[in-house]
Each structure stands twice: as structure tokens, then as C-alpha cells.
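Student: here is a sequence with its predicted model. Questions after.
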Amino acid sequence: MTFMQDKTDEFIRIFMGAQHKIEAFPGCKGVDLTRDIMQPNIFITLSLWDSIESLDNYRNSELFKTTWAQTKIMFSERPDAWSLDKLM
């Protein structure tokens, strides 16, 4: 996710407030926040889920809708999202 330069601290604050709630969501094994070293307004969240159904349940939850509404207004570019299988 690429944020407006002046919104990165606000995003971190929102993430920190939501992280433990996301991790407590059924099926979530953890969620981390990473930041690009060269472009500090670019972030990636990495969350591990028991199943795609658990992830979909989260994506349809009030928690996601509320957090996403607060976050998406701070983007400077369209975000990307991937769902991946961990192989090893």
C-alpha cells in the first residue's frame, strides 16, 4: 500500500489499534506490518490464515470495513492484494 507522505504515522496508529483485533479474529494466525526501506510511505501487511474461508469472513466483517474505510482515504496509489499459499 502506498500512502500519502504525510499520512504514514496515522496509518501506523490505525494499524496498531487494529492489529490485536485482527489477530483475535477466528482463523487468523498472525498479522505483521512491513515498510519499504527505500520508500517509507510504502507498506505491506502480511497475515496468515487457517483457510480462505477464514480470510473471507474477516474481509466481510465490520472490523475490516471500519479499518479499510479509515485506511483507503490515505492512499496515494491503488493498493494491491494477493492471497498466497505457503509452500515451505
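Tutor: Nice, I can see it.
Student: buried residues in stretch 17-34, which are they?
Tutor: By 16 or more other Cβ atoms under 10 Å, the buried positions in stretch 17-34 come out as 18-19, 22, 25, 28, 31. Placement of C-beta: from N, CA and C, glycine included.
Student: what's that stretch in contact with?
Tutor: With Cβ atoms under 8 Å, 6 or more residues apart in numbering as the test, stretch 17-34 has contacts from 12, 15, 43-51, 53-55, 57-58, 61, 63, 67.
Student: out of these, which are buried?
Tutor: Buried, going by 16+ other Cβ under 10 Å: 15, 43, 47, 49, 55, 57-58, 67, out of the contacts of stretch 17-34.
Student: Serialize those residues to CSV and add fields for distance to Ser83 and pLDDT.
Tutor: Shown next, in CSV, are the buried ones among the contacts of stretch 17-34 (distance: Cβ to Cβ, whole Å; pLDDT from 0 to 100):
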residue, distance to Ser83, pLDDT
Phe15, 20, 97
Phe43, 18, 98
Ser47, 10, 96
Trp49, 9, 96
Leu55, 7, 96
Asn57, 14, 97
Tyr58, 12, 97
Thr67, 18, 96
